[in-house]
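**Student:** Structure for this input, please:
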Amino acid sequence: MLKNLIYFGSSDFSGTILESVIESKLVNVVGVVTTPDKPTGRKLTLTPSPVALLAGKYDLPTYKPEKLDESNLAHLMLLKPDIFLVVSYGKLVHKNYLDAPKIGTFNVHFSLLPKYRGALCISEAIKNQDKSTGVTLMEMDEQLDHGPIISQKEVPIDINDDTATLTTKLTQAAILLLADKLPEICAETYQKTAQDETKVVFTPSHKTQIRENSFVPFEKILVAQNGINSPEVHALVRSLNPEPGAWTTINDIDIKIIKTLLSEGKLILDTVQLPGKSPISWKQFLSGHPIS
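**Tutor:** Take a look at the predicted model:
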């Protein structure tokens, strides 16, 4: 008999992983916990999370609690869960929840823990010019990204990967990792290893990922175009894209930097965007906005 799994997640890539778990038929997904609907767009229309939308596609019971309290836990326990699987949920999961399922609570994290604990694990790996990162499947405990590791899968970082493209690669790695290890979790034969606390690296809070912190001085870009600190600036831009989006100011105009490249050790501005306009090439921008 398949084990019952309740899935905790909210983001777009978490929805992709949920669908892979459902379609794998390795477990019986009996319910989904996600964040409450959020106002989006100019009209601030209440919109379900990507995971909620995916759960609706499969007619799964879906819970959107403001708080993970005892009352909500009691509702989940009616589904007789063996496993909780947490993937980019967006809320802290407390000990009473972690201990609730028969087998345990597990988490998929997008870094090779203990490096890059925290929410900005993908962008930090890019910004720091790491050659690779990866996916960690772990058993959760009360501390942030602290629990024992069950398995990891390394993923190379391409010189032109931004946060979006690397997220896609990590999502596919996570799908493969779960397909390999979920049977062991269900059979309770999985092995686990404590994290090395001497190698812990924390990422900044996700609250720091705002437009004000995504500004790249144009002087820094000009220097990088001449081959000074070019890889560093290229990595910074990629780490900020697509959200919140790297930007600079040229002739008192705010310019979004969509894409940069490296060529012969120099930074190349490839694609930019003027406010309210579609992206254009850097050459097109210069034709209408000459820089002295």
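**Student:** Longest helix in this structure, please.
**Tutor:** Looking across the chain with DSSP state H, the single longest helix is helix 163-187.
**Student:** That one: which residues count as buried?
**Tutor:** Buried residues in helix 163-187, counted by 16 or more other Cβ atoms under 10 Å: 163, 165-167, 169-175, 177-178, 181-182, 185-186. Placement of C-beta: from N, CA and C, glycine included.
**Student:** Mind giving me the packing neighbours of the next helix or strand after it?
**Tutor:** Downstream of helix 163-187, the next assigned helix or strand under DSSP states H and E is strand 201-202. If you count contacts as 3 or more Cβ pairs under 8 Å, 6 or more residues apart in numbering; DSSP states H and E, strand 201-202 packs onto strand 115-117.
**Student:** okay, and the helix or strand of this protein with the least pLDDT?
**Tutor:** strand 38-40 (a mean of 87; mean pLDDT, DSSP states H and E).
**Student:** So which residues of this structure form helices?
**Tutor:** So, for the chain - with DSSP H - the helices run 12-24, 50-57, 70-77, 95-98, 121-127, 163-187, 218-225, 230-240, 282-288.
**Student:** mind listing what the residue lying closest to P101 once chain neighbours are set aside touches?
**Tutor:** Excluding the flanking residues, the one nearest P101 by Cβ to Cβ, 6 or more residues apart in numbering is P81, at 4.4 Å. When contacts are counted by Cβ atoms under 8 Å, 6 or more residues apart in numbering, P81 touches 4-6, 30-31, 100-102.
**Student:** any idea how far P81 lies from K91?
**Tutor:** Using Cβ to Cβ, to the nearest Å, one gets 17 Å for the distance from P81 to K91.
**Student:** orientation of the longest helix of the chain relative to helix 12-24 in degrees?
**Tutor:** When axes from the mean of the first three to the mean of the last three Cα atoms, to 10 degrees is applied, the directions of helix 163-187 and helix 12-24 differ by 40 degrees.
**Student:** Which strands or helices does helix 163-187 pack on?
**Tutor:** For helix 163-187, the packing partners by 3+ Cβ pairs under 8 Å, 6+ apart come out as helix 12-24, strand 83-87, strand 104-109, helix 121-127, strand 132-139, strand 149-156, helix 230-240.
**Student:** Now mean pLDDT too, for those, in a markdown table please.
**Tutor:** Listed next are the helices and strands packed on helix 163-187 as a markdown table, based on pLDDT from 0 to 100:
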| stretch | mean pLDDT |
| --- | --- |
| helix 12-24 | 98 |
| strand 83-87 | 98 |
| strand 104-109 | 98 |
| helix 121-127 | 98 |
| strand 132-139 | 98 |
| strand 149-156 | 98 |
| helix 230-240 | 98 |
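**Student:** Please convert these to TSV, extending it with distance to L53 and mean neighbour count.
**Tutor:** Shown next, in TSV, are these (distance: least, Cβ to Cβ, whole Å; neighbours: other Cβ atoms under 10 Å):
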stretch	distance to L53	mean neighbour count
helix 12-24	7	20
strand 83-87	15	24
strand 104-109	20	23
helix 121-127	22	23
strand 132-139	23	22
strand 149-156	26	17
helix 230-240	27	22
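**Student:** Distance to F202 for those - can I get that in a markdown table?
**Tutor:** Below are these laid out as a markdown table (distance: least, Cβ to Cβ, whole Å):
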| stretch | distance to F202 |
| --- | --- |
| helix 12-24 | 22 |
| strand 83-87 | 19 |
| strand 104-109 | 13 |
| helix 121-127 | 9 |
| strand 132-139 | 15 |
| strand 149-156 | 17 |
| helix 230-240 | 16 |
